[in-house]
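Mind looking at a prediction? Sequence and model below.
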Amino acid sequence: MGKAQKYVLLGDATYPLQDWILKPYQEDGNLTQRQLQFNYRLKRAHSVIENAFLRLKARWQILLKCDDCSLELLPTLVLACCILHNVCEAHDSPFNEEWLEGTEPTELPKPCQPAPAAMEDGRAEQMRELMCQYFESCGEG
């Protein structure tokens, strides 16, 4: 994009637009084709992330039962599972589809109502616009 970018989290419409939270354009019926394409790409990226978390939880089902784990141990347990999962994925370790039977995709907690406009960061709109331009230059997909 011609400008170094930092990492961002993907959020949905209920989150405030920040320079570290990328969220879709509001679906109001007046979006340009570029904005629609941006929203589509963001949704696709989000589904990849959901699938990765589903596979992580299926492979390491201890993550489904962390309620009996001490809070001090929990961050280390989650980090260890993530590292081991990435090693398995990088080395094409077989993934048993039966593992998914005990794992249901769960909705992560989200704000119930959209964040107030006052929480939005004006500079973040520039970041979203840069990403929008970048997606447009990449073509379809």
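It's in.

what bits of this structure have low per-residue confidence?
Across the chain, residues meeting the criterion (pLDDT under 70) sit at 1-3, 66, 102, 104-112, 139-141.

Strands of that one, start to end?
9-10, 21-22 (DSSP state E).

Let's have the ones you listed in TSV, adding mean neighbour count and distance to residue 30.
In short, each C-beta sits where N, CA and C put it, glycine included. Shown next, in TSV, are the strands of the chain (neighbours: other C-beta atoms under 10 Å; distance: least, C-beta to C-beta, whole Å):
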stretch	mean neighbour count	distance to residue 30
strand 9-10	13	23
strand 21-22	20	20
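
gap between the two ends of stretch 63-76?
Stretch 63-76 has an end-to-end distance of 12 Å (C-alpha to C-alpha, to the nearest Å).

Next up, the contacts around residue 11.
Residues counted as contacts of residue 11 (C-beta atoms under 8 Å, 6 or more residues apart in numbering) are 21-23.

coming back round to it: relative to residue 80, which of the strands of the chain is closest?
strand 9-10 (22.4 Å; C-beta to C-beta).

re earlier: export the strands of the chain as TSV, with columns for distance to residue 34.
Putting those into TSV (distance: least, C-beta to C-beta, whole Å) gives the following:
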stretch	distance to residue 34
strand 9-10	18
strand 21-22	15
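
Of those, which is nearest residue 64?
Closest to residue 64 of those is strand 9-10 (C-beta to C-beta; 23.2 Å).

so what does the closest one touch, helix or strand wise?
strand 21-22, helix 33-59 (3 or more C-beta pairs under 8 Å, 6 or more residues apart in numbering; DSSP states H and E).
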